[in-house]
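Peer 1: Predicted model, plus sequence, below.
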4 protein chains.
Amino acid sequence: MDEKQLQDALATVFAADSALYQNRGFQRRIGYGVRPALVNIDLANAWTRPGNAFTCANCDAIIDAVNALLVPARRQKIPIIFTTTAYAVTEGPNSDMGMWGKKIPAEVLQEGSEAVQIDSRLNRRPDEHLIVKKRASAFHGTMLAGFLRAAEVDTVIVTGTTASACVRNTVEDAIAEGFRPIIPRETIGDRIAGAIEWNLFDIDAKFGDVEPLSNVVAYLEGLNGAPR
Amino acid sequence: MDEKQLQDALATVFAADSALYQNRGFQRRIGYGVRPALVNIDLANAWTRPGNAFTCANCDAIIDAVNALLVPARRQKIPIIFTTTAYAVTEGPNSDMGMWGKKIPAEVLQEGSEAVQIDSRLNRRPDEHLIVKKRASAFHGTMLAGFLRAAEVDTVIVTGTTASACVRNTVEDAIAEGFRPIIPRETIGDRIAGAIEWNLFDIDAKFGDVEPLSNVVAYLEGLNGAPR
Amino acid sequence: MDEKQLQDALATVFAADSALYQNRGFQRRIGYGVRPALVNIDLANAWTRPGNAFTCANCDAIIDAVNALLVPARRQKIPIIFTTTAYAVTEGPNSDMGMWGKKIPAEVLQEGSEAVQIDSRLNRRPDEHLIVKKRASAFHGTMLAGFLRAAEVDTVIVTGTTASACVRNTVEDAIAEGFRPIIPRETIGDRIAGAIEWNLFDIDAKFGDVEPLSNVVAYLEGLNGAPR
Amino acid sequence: MDEKQLQDALATVFAADSALYQNRGFQRRIGYGVRPALVNIDLANAWTRPGNAFTCANCDAIIDAVNALLVPARRQKIPIIFTTTAYAVTEGPNSDMGMWGKKIPAEVLQEGSEAVQIDSRLNRRPDEHLIVKKRASAFHGTMLAGFLRAAEVDTVIVTGTTASACVRNTVEDAIAEGFRPIIPRETIGDRIAGAIEWNLFDIDAKFGDVEPLSNVVAYLEGLNGAPR
């Protein structure tokens, strides 16, 4: 099965599934709020550059798409957060990989290494927070929920990698915590065929609005500063 | 595309994806621990019986499979938990649906209604906890993590519905919290074609071990009481 | 040492401590926000009526003070939440008391019993949420943070019992989660001499604003509905 | 009121309060488990050295006491964690201080500064985790709970500063999460008169066992490696 055949097969399945969801009242639109934050998941070298166990496909285009969001986000001065996943101790009983190293090759994500630094093409600035997480979700075991709430954020725009783990789990937690998740389709990456498609399908049905990048850019450009 | 064609197409995709994952060091086995708990997700009437927006497919077989686990689990006296999803207030700004009612038809899950009661075919006993959750994960906004830790549980067997939301998110949180998630394949349900397959594929690659029911039954039968 | 002597001794200590705190930059005012919620901690019969291990002192006056808040809170239609602490299983390894029953007599707080019902003098209404918590903080293992964020709350007014456990821990979590905690002094109870004074002193120095009841009532009466 | 008079006054109050607690079933002993971790709260220069807004009293003795624990803890190879509190952005709406900077002088705790480094007299080793927290509790918004569970820890020994904020809140969360908190009295610091006494009194009554340092040292020395 080549890429074209896979896409066709998934499109057929999703059409049938959407009919059921629409009939049942799923796939509603959560909509944009008035105070967004931009949360960029694991756009570090291990994911965005070739040669790592975590390397994803198509990352040049994803970096470009995220940069297209960063321009209006920075102009509007909304909170911008980057995450990476990294471990201080990758051997023995004191490892901060917890149980995750028993499922995935977490041991290559050594804290302090070049692999876990944010991709330099994104030009992270000093007031754009870097959250070093240990688990898939950017909310799990991090300051993120408390930070966003104190900043009076109501909408969380999620980009990055991967659709089948860290992005999806972050979106699930975002809506659970009471935020509106928005996922610009062109900014999401993964490493296996199909994973972007089926995970964004599930997300759009139940957890957040998957939107064209251009819509999210237009939304950010149109913000005129919610009163605090 | 009929069911057979869908299964064949997904099997082809998963074979290619598995080759990449194996090569990269994903799809490891987390393994069974010595003190399991059994967590049954949303096996309430809204999901297990016909006629509800949340009704899933194939629930008679799923109920049978869960009962096959409950027999040794009860004999071994491991902690058993059931969850349901229900809301006390389904209209207005004071609703406990939070943002979720903006994506899914949560308003049909009225607390106290027959729809949100655990399916009577499972014979829930008084010392088997019923957690009324508001979000997808059984861990989010509930006592579950604290309860399991105090009970010295190291392994969480997850059953129920749905693969594409509550089961998956519970498994993601279980491994994040430091437990070993085990998912008996025959006990998992959903309502759309493909969702069980691709979600269990993602789970098995990254978050927990998807196992044949017979293996999990044998594991429970073989427990001889971990020393506390 | 009688009550008068205790109060005098504590006043002397607090004066010296406040001088240090003021000099160091503690005891700042967090201030009121624009969208408050009212969270009433454990004003159930076990705490408010005589004869229980959890019975607190002076509860008639506390109930009156909370009712003085409920009048404007209900008129302004702000979210109102009551908590109680109750356990479904109070014996054996499956107990939901977790570790807490090893420190306090949690076993008397049986779920479903009259003891854990909210005091009828507060006339809890159906759309005022009842959270059954297992731990001290109203946020720990409950839906509270997600609910408040989805309701766009920025300020949490905390009342109830006890100053030295559930009220204090709820306030600590409220500010950690990004809310402004306000504690109306006359609405807070405890069962041992000194505990209200020293806990409110610590809270006011570091975690939330301890305010006269009249100020909080005036604040609620003056709300004119923050735009959503 | 001098220090001696304060101690006498508090001793009188605590004696009366203890009588009530004993009669009611509080002040139980939670006891030591078999797999402890040592969690050292905010023993960084801002707290342990003179001249900072956060400087605590009596820190030379506290450092000695913590070192007395570190010797057997390191020999037994139990997990050892240090926390500090530090902020990357201390001005403007993107601050990670959240609401806490509105109550306390959090702005002096700049990430990367000497002030927030662990006191060098404790000789923190590379495999002893450093958690940079944003809130009072070492559990809030950090990996701690997930890490401890994955490491199969059942007992959390808590040392450090301050009794009235970070130590207390960490202990409250530790028992809530299902661990046995043990607090060696000589290792706990604060900056205001009375705060150590009344907070350890409350903790011992409800949240964890306050123990003489020598008992905790003896416990660590006597561990012979729980089977995993």
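Peer 2: Sure thing, it's come through. In this text the structure is predicted, and so the values were computed from the model without any measurement.
Peer 1: Let me see the contact set for residue A:190.
Peer 2: A:56, A:57, A:161, A:162, A:163, A:164, A:196, A:199 (Cβ atoms under 8 Å, 6 or more residues apart in numbering or on different chains). Any C-beta I mention is one placed from the backbone N, CA and C, and that applies to glycine too.
Peer 1: got the contact list for the third one?
Peer 2: Okay, so that is residue A:161. Residues in contact with residue A:161, defined by Cβ under 8 Å, 6+ apart, are A:41, A:42, A:43, A:47, A:48, A:56, A:59, A:62, A:167, A:188, A:189, A:190.
Peer 1: same check, this time on the last one
Peer 2: Under the criterion of Cβ under 8 Å, 6+ apart, the neighbours of residue A:199 are A:163, A:164, A:167, A:168, A:190, B:202.
Peer 1: pLDDT value on the closest residue to it other than its chain neighbours, please?
Peer 2: In space, residue A:199 comes closest to residue A:163 once its chain neighbours are excluded; the distance is 4.1 Å by Cβ to Cβ, 6 or more residues apart in numbering or on different chains. Note on residue A:163: pLDDT of 98.
Peer 1: Kindly report the same for residue A:167.
Peer 2: 98.
Peer 1: what comes up buried for the helix ranked longest in chain A?
Peer 2: Across chain A, the longest stretch assigned as helix under DSSP state H is helix A:3-24. Judged by neighbour count (16 or more other Cβ atoms under 10 Å in any protein chain shown), helix A:3-24 contains these buried residues: A:6, A:9, A:10, A:13, A:14, A:17, A:18, A:21, A:24.
Peer 1: Do the helix or strand bottoming out on mean pLDDT in chain A and chain B come into contact?
Peer 2: In chain A, the helix or strand scored least confidently by mean pLDDT, DSSP states H and E is helix A:3-24, which has a mean of 92. Yes - residues of helix A:3-24 contacting chain B under Cβ under 8 Å from any Cβ of the partner chain: A:5, A:6, A:9, A:12, A:13, A:16, A:17, A:20, A:21, A:24.
Peer 1: Distance of the residue nearest to residue A:188 when sequence neighbours are not counted relative to residue C:123?
Peer 2: Leaving aside its chain neighbours, residue A:188 sits nearest to residue A:163 (5.1 Å; criterion: Cβ to Cβ, 6+ apart). Using Cβ to Cβ, to the nearest Å, one obtains 50 Å as the distance from residue A:163 to residue C:123.
Peer 1: ok, the two, which is more surrounded?
Peer 2: Just comparing residue A:163 and residue C:123: by other Cβ atoms under 10 Å in any protein chain shown the higher neighbour count belongs to residue A:163, 27 against 11.
Peer 1: thought the more buried one was touching residue A:195?
Peer 2: Yes - taking contacts as Cβ atoms under 8 Å, residue A:163 lies within contact range of residue A:195: 5.3 Å.
Peer 1: Could you list the contact residues of chain A toward chain D?
Peer 2: So chain A meets chain D at A:77, A:79-80, A:88-89, A:92-94, A:96, A:98-99, A:126-130, A:134-135, A:140-147, A:149-151, A:228 (Cβ under 8 Å from any Cβ).
Peer 1: Just the buried residues of those.
Peer 2: Using 16+ other Cβ under 10 Å, the buried members of these are A:79-80, A:88-89, A:94, A:96, A:98-99, A:127-129, A:134-135, A:140-147, A:149-151.
Peer 1: Let me see the contact set for residue A:36.
Peer 2: A:78, A:153, A:154, A:155, A:156, A:157, A:182, A:219, A:220, A:223 are the contacts of residue A:36 under Cβ under 8 Å, 6+ apart.
Peer 1: Then residue A:212?
Peer 2: Taking Cβ under 8 Å, 6+ apart as the test, what residue A:212 contacts is A:184, A:185, A:186.
Peer 1: again with residue A:97
Peer 2: A:87, A:89, A:90, A:106, A:107, A:134.
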